[in-house]
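In: generate a structure from the sequence data that follows.
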Amino acid sequence: MTWRSVVISRPAKLRREQFRLAIEQEQTAFVPFEDIAVIVLNHREITLTHPVLSACGEYGISLFATGDTHHPSGVFLPFLPHSRATRWLRLQLDLPRPVAKQSWATFVRRKIANQAACLSLTGREGADRLESYARRVRSGDVGNLEGQAAAFYFTRLFGRDFHREQARYTNAALDYGYAVLRGTIARGLVAHGLMPSIGLFHASEQNAFNLADDVIEPFRPLVDLFVYRMAIPDADELRPQDKVALVGLLNVDMGMPRGKMSVLSAIEHTIESLARVYDGGSETLLELPVLIGLEQHRLEC
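Out: Residues are numbered from 1 along each chain as shown. Reported below is the predicted structural model:
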């Protein structure tokens, strides 16, 4: 199981040395490719060789590039050819609409429940109201309880004057954390032979990650919880250590039906359960994460 997240925020040259990524700076560091899940390139003066990109494809590594604002602006996803890719594409296209709507409702319920957990973990008021929203979600979320819950939740968590369109530190941190999760989920979907552009609910023709935008929903409150606890009111922009910490959320534990596991593992299990839904199952097969805090996953030796 890959587990390392490599964030490079200073000038560097990346090259492949057999089975390892070589990071040349003042000194050269080596990381086995098989240990890497995500690489984030966060500086204009980083160069890399074609064999590094090739290795990312071979080992299933997501490689993020950041733009002028130092937020992820693009992601290299491994092709990871699946032996039954055409079959999975047909299953996605042929998924019965009632199953898609019930599955989306399941994702929304867990998202709102995790938002309630986030308020509880931060000592903020409003968890009971969010739990009520979650119980009332119906097939397809026709009442848009997701939107109602979000409007209530963010003002309870970050203050009554907060909204997601503001250009401020908190939103920059949220966007960065969400972007890393989104790209990691897209990588997992591709690895399982699923087409990220074909969603359960999200269906924009201009969005290559519609399905990733469905799957990410119950994971978002983890980023919210972390940003609430790291918030620096007077900061103008994210610091390098903030970005490293946000990528590090991939190694935080979440609750799953099979026990506590890292976000990386939880994403894999969630996607595997979604694949079972596409393969003739129902939304009851979905295994979705539960927000339990910010404890880092500990590897058992």
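In: list the buried residues for stretch 194-207?
Out: The neighbour-count check on stretch 194-207 (16 or more other Cβ atoms under 10 Å) flags 194-202 as buried. To be clear about C-beta, it is placed using only N, CA and C from the backbone, and glycine gets the same treatment.
In: turn these into TSV, including secondary structure and distance to Leu77.
Out: Below are the buried residues of stretch 194-207 laid out as TSV (DSSP: H, G, I helix; E, B strand; the rest coil; distance: Cβ to Cβ, whole Å):
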residue	secondary structure	distance to Leu77
Leu194	coil	12
Met195	coil	12
Pro196	coil	8
Ser197	coil	12
Ile198	coil	15
Gly199	coil	16
Leu200	coil	20
Phe201	coil	22
His202	coil	18
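In: of these, closest to Tyr133?
Out: The closest of the buried residues of stretch 194-207 to Tyr133 turns out to be Phe201 (Cβ to Cβ; 16.9 Å).
In: report the mean per-residue pLDDT for whichever strand or helix holds Arg129.
Out: Per DSSP states H and E: Arg129 is located in helix 127-135. Mean per-residue pLDDT for helix 127-135: 97.
In: what residues of that helix count as buried?
Out: Result for helix 127-135 [16+ other Cβ under 10 Å]: buried residues 127, 129-131, 133-134.
In: check stretch 11-26 too.
Out: Of the residues in stretch 11-26, those with enough neighbours to count as buried (16+ other Cβ under 10 Å) are 12, 14-16, 20-23.
In: ok, stretch 277-295 next?
Out: 277-278, 283, 285-286, 288-292.
In: now do the end-to-end distance for that stretch.
Out: Terminal residues of stretch 277-295 lie 30 Å apart, using Cα to Cα, to the nearest Å.
In: which residues of the protein fall in strands?
Out: With DSSP state E applied, the chain shows strands at 4-8, 12-17, 20-24, 28-32, 36-41, 46-48, 62-66, 72-76, 253-254, 261-262, listed in chain order.
In: neighbours of the closest residue to Arg164 other than its chain neighbours, how many?
Out: In this structure, Arg164 finds its nearest non-sequential neighbour in Asn171, 6.1 Å apart by Cβ to Cβ, 6 or more residues apart in numbering. As a burial measure, Asn171 scores 17 neighbours (other Cβ atoms under 10 Å).
In: what about Asn171, distance to Ala245?
Out: Distance, Asn171 to Ala245, by Cβ to Cβ, to the nearest Å: 17 Å.
In: next, the angle strand 62-66 makes with the worst-scoring helix or strand of the chain on mean pLDDT.
Out: Ranked by mean pLDDT, DSSP states H and E, the helix or strand of the chain with the weakest confidence is strand 72-76, at a mean of 75. Angle of strand 72-76 versus strand 62-66, following axes from the mean of the first three to the mean of the last three Cα atoms, to 10 degrees, is 150 degrees.
In: before we move on, back to that, show me which of the buried residues of helix 127-135 is closest to Ala105.
Out: Nearest to Ala105 among these, counting by Cβ to Cβ, is Ala134 at 10.2 Å.
In: show me the contacts for the closest residue to Pro51 other than its chain neighbours.
Out: Spatially, and ignoring its direct neighbours in sequence, Pro51 is nearest to Arg16 (3.9 Å; Cβ to Cβ, 6+ apart). Contact analysis of Arg16 by Cβ atoms under 8 Å, 6 or more residues apart in numbering lists 22, 33, 49, 51-52, 54-55.
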